[in-house]
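Novice: attaching a predicted model along with its sequence, questions to come.
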Amino acid sequence: MRMIEQWILDPAFAYLQPYFYNHPYALRLELGMGKSRRAFRETAARRAREIHAILFPHGADAILFNEWVTEWSDTGPAQETVDPHAREHMKWYLAAQRRALAFLLEQQLRHRHVTVRNLPTYDAEDDTVRRNRVVCYSDGRGFDDPALLDRALRDRDNPEIGLVSFENDCILSVYDDRGCDVVFASHEKLRAFYPLLEPYFLPYDLERMRARYLSDEGKSGRE
């Protein structure tokens, strides 16, 4: 079993955003560029496909995503809000949850999968929210990688899809059409792919990425 597969099945591997800042063997890449909205989206799609081709020449070996479970039973008596902004937020939330659930069920029906339960959340004090990580395997059948990329690019409410390569020991997470993070399982892999991905680097984090490339630190592979 490759190291990245061990990580994604390990409850100690939290894998919460921001991925780049939470992992020492990570790179941050820019996707959308251009003055018009159309140019921005077209550039994002093209660059995402190019990055995917570098990291996944044979397609993703697995995908992972978060399943967020919210416990509503102890929130007190139900009451219909009169605040129009709150109503709009509720409509957006319900629609996002329906899309996430439909995606979850579709992938679980299509693929062999493992669920890593009760992972850390963003607020350790909030016991009404739980998080599970669902890992689906291609088993040689392959995923519709272009469709997964398109979903992540267009839907900022996506369930934080990560594409996993066992061959190259990495996870590609497109957070939306602005950019993506690549987390490697080792400093060796980061160094190998650094020059290939350098044309896509986000300038803001360039200094930090350069330091990671030159460093031999981070023996554990996690921060």
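Specialist: Perfect, I can see it now.
Novice: quick check, L163 in a strand?
Specialist: Yes - checked against DSSP: H, G, I helix; E, B strand; the rest coil, L163 lies within a strand.
Novice: next, count neighbours for it.
Specialist: Using other C-beta atoms under 10 Å, the number of residues around L163 comes to 25. In this view, the C-beta of every residue, glycine as well, is placed from N, C-alpha and C.
Novice: next one: the one 3 residues further on
Specialist: F166 is flanked by 18 other residues according to other C-beta under 10 Å.
Novice: can you report phi and psi for it?
Specialist: phi -70, psi -30 (degrees, to the nearest 10).
Novice: please list all residues in contact with it.
Specialist: 2, 4-5, 61-62 (C-beta atoms under 8 Å, 6 or more residues apart in numbering).
Novice: the residue nearest to Q107 when sequence neighbours are not counted pairs with what?
Specialist: Excluding the flanking residues, the one nearest Q107 by C-beta to C-beta, 6 or more residues apart in numbering is C136, at 5.0 Å. Under the criterion DSSP bridges, C136 forms beta bridges with I63, H113.
Novice: please tell me how far C136 sits from R28.
Specialist: 25 Å (C-beta to C-beta, to the nearest Å).
Novice: cool, and A53?
Specialist: Counting by C-beta to C-beta, the gap from A53 to R28 is 19 Å.
Novice: same question for I63.
Specialist: Going from I63 to R28 by C-beta to C-beta gives 20 Å.
Novice: show me what the residue nearest in space to the middle of the chain bridges to in the sheet.
Specialist: Geometric centre of the chain, nearest residue: S173, 3.4 Å, by C-alpha atoms, centre = their mean. Beta bridges link S173 to G162, D181, judged by DSSP bridges.
Novice: which helix is the longest one in this protein?
Specialist: In the chain, assigned by DSSP state H, the helix with the most residues is helix 84-110.
Novice: just the buried residues of it, please?
Specialist: Using 16 or more other C-beta atoms under 10 Å as the test for burial, helix 84-110 gives 100, 103-104, 107.
Novice: could I get these as a markdown table with distance to E71?
Specialist: Listed next are those as a markdown table, based on distance: C-beta to C-beta, whole Å:
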| residue | distance to E71 |
| --- | --- |
| A100 | 17 |
| F103 | 21 |
| L104 | 18 |
| Q107 | 24 |
